[in-house]
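Enquirer: everything below, folded, please.
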Amino acid sequence: MIISDQTVNIRDAALWRRLAAIVYDSIVIIAIWIIVGFIVLSAFGIDQAQIVENDRVVMDPYYRLTLFSSMLLSAYLFFAWFWTHSGQTLGMQAWKIRVQNPDGSAISYKQSLIRCVIAPFSFLLLGMGYFYMFFNPEKLTLHDRLSNSIVVFESWDKKTQ
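Expert: Take a look at the predicted model:
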């Protein structure tokens, strides 16, 4: 693919690049969750979190459910917006990787939802969903395969003529 005076070489994204992007994006997600937590706490009022004996914090179940749901929704919206528009979150931009359809087009919100639901399980099951990429010729993780998307590494080289 030629863009002005540069050539973009596309190949499969290495696992270490994917994990580095996850670390980077996790920092952004934590910052978003701090803001979400502040908004939800402000809406419910500080009196919903009470200290009881033995320094144990007890929260109202509706507050806890609202906070948890808001955190999940904000994380999904972060990933879905970036993936459907540019194919790259901030961490993915830093590590030069991009999620896309096999034909190079942007993934859909449905594919984003599948990736967001499956990827944590891929990681939590001792990383087996990620290590799956070493055992298939397409180098896809479990959530890549189930969402019918791919993650590629883009290296920018000067065009030689």
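Enquirer: phi, psi of residue 152?
Expert: With angles defined as degrees, to the nearest 10, residue 152 sits at phi -120, psi 160.
Enquirer: check contacts around it.
Expert: Applying C-beta atoms under 8 Å, 6 or more residues apart in numbering, we find residue 152 in contact with 10-13, 97-98, 100. (Glycine included, C-beta is placed from N, CA and C.)
Enquirer: just the buried residues of those.
Expert: With neighbours counted by 16 or more other C-beta atoms under 10 Å, these contain buried members at 12-13, 97-98, 100.
Enquirer: out of these, list just those in strands.
Expert: Applying DSSP state E to the buried ones among the contacts of residue 152, the entries found in strands are 12, 97-98, 100.
Enquirer: could you list the low-confidence segments of this structure?
Expert: Counting by pLDDT under 70, the chain contains low-confidence residues at 1-10, 48-53, 156-161.
Enquirer: now the helices for it?
Expert: Counting by DSSP state H, the chain has helices at residues 15-44, 61-85, 90-94, 109-124, 128-131, 142-147.
Enquirer: which two of the contacts of residue 152 have the greatest separation?
Expert: Greatest spatial distance in the contacts of residue 152: 11 and 100, 12.9 Å, computed using C-beta to C-beta.
Enquirer: ok, back up a step: from the contacts of residue 152, pick the one nearest residue 153.
Expert: Set against residue 153, the nearest of those by C-beta to C-beta is residue 13 (4.4 Å).
Enquirer: quick one on the thing from earlier: using CSV, lay out the contacts of residue 152 together with distance to residue 62.
Expert: Formatted as CSV, the contacts of residue 152 follow (distance: C-beta to C-beta, whole Å):
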residue, distance to residue 62
10, 47
11, 49
12, 45
13, 41
97, 39
98, 39
100, 40
